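A.B. asks: Quick one, fold the following:
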Amino acid sequence: MVPVPVLVADEAYAIDAVDHVIVVTWRGPCTGARLIELVRVMEAVHARTRRGILVLIVIAATTPVPGAAERELLKSQFEYMRGRIAAVACVLEHKGVLATVSRTVITTIASLAQQPFDLRLFVRADHAMVWLTSTFGDCPEMPRLVAAHARCTDAMDGTTVE
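C.D. replies: Prediction:
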């Protein structure tokens, strides 16, 4: 079998897509350049599929909370993508106080952007995938989402999934 490359990856994050579902895995800093690249991918997937984008974001425990500039950029990107994002399933692997801070940051950003999509927070990626596949009838089946998440993780490590 030929390895399937992810769309974008470096040591801190990776983005892949399965039909109209974008899978993003973060384990490093959320920079402006990375957020701009994420929107570029969202635009391309929406242009290709012409369907509401479903986003699965997995934020590893090693991912620092975004700074003020990145939070403002994320808010403006949510506003810009209004009407093109159908739902976001966000997995926060942080523990303790950092988990609380991360949940607060994400829900505040979405609220300030007038939450133009359905947003759910999870502690486990498999729970987020179940929600996406059971709530949205046009979502690809779970094994494809699991494979995309594995490709993202491996791409950050410099390997590929076959």
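A.B. asks: The one helix or strand in the chain whose mean pLDDT sits lowest: which residues count as buried?
C.D. replies: When the helices and strands of the chain are scored by mean pLDDT, DSSP states H and E, helix 96-112 comes last with a mean of 78. Going by neighbour count (16 or more other Cβ atoms under 10 Å), the buried part of helix 96-112 is 99, 102, 105-106, 109-110. C-betas here are computed from N, CA, C, even on glycine.
A.B. asks: Just put the residues you listed in JSON lines and tack on distance to C139.
C.D. replies: JSON lines is the format used below for those (distance: Cβ to Cβ, whole Å):
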{"residue": "A99", "distance to C139": "26"}
{"residue": "S102", "distance to C139": "25"}
{"residue": "V105", "distance to C139": "26"}
{"residue": "I106", "distance to C139": "21"}
{"residue": "I109", "distance to C139": "24"}
{"residue": "A110", "distance to C139": "20"}
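A.B. asks: Between the residues you listed, which sits nearest W26?
C.D. replies: The shortest approach to W26 among the buried residues of helix 96-112 belongs to S102, at 10.7 Å (Cβ to Cβ).
A.B. asks: do you know how far that closest one is from I57?
C.D. replies: Noted for S102: a distance of 11 Å to I57, by Cβ to Cβ, to the nearest Å.
A.B. asks: Kindly indicate whether the most centrally placed residue in the chain is helix, strand or coil.
C.D. replies: The C-alpha lying nearest the average C-alpha coordinate of the chain belongs to I57 (Cα atoms, centre = their mean; 2.7 Å). Three-state call for I57 (DSSP: H, G, I helix; E, B strand; the rest coil): strand.
A.B. asks: which sections of this protein are below the confidence cut-off?
C.D. replies: For the chain, applying pLDDT under 70 flags the ranges 1-5, 115, 159-162.
A.B. asks: ok, which stretches of it are strands?
C.D. replies: For the chain, the strands defined by DSSP state E occupy 8-9, 13-18, 21-26, 53-59, 85-92, 118-122.
A.B. asks: just those strands: most buried one?
C.D. replies: Among the strands of the chain, the stretch with the highest mean neighbour count (mean count of other Cβ atoms under 10 Å) is strand 21-26, at a mean of 26.
A.B. asks: Other residues contacting it?
C.D. replies: With contacts defined as Cβ atoms under 8 Å, 6 or more residues apart in numbering, strand 21-26 is touched by 12-17, 38, 41-42, 45, 53-60, 63, 132, 139-140, 145, 148-149, 152-153, 156.
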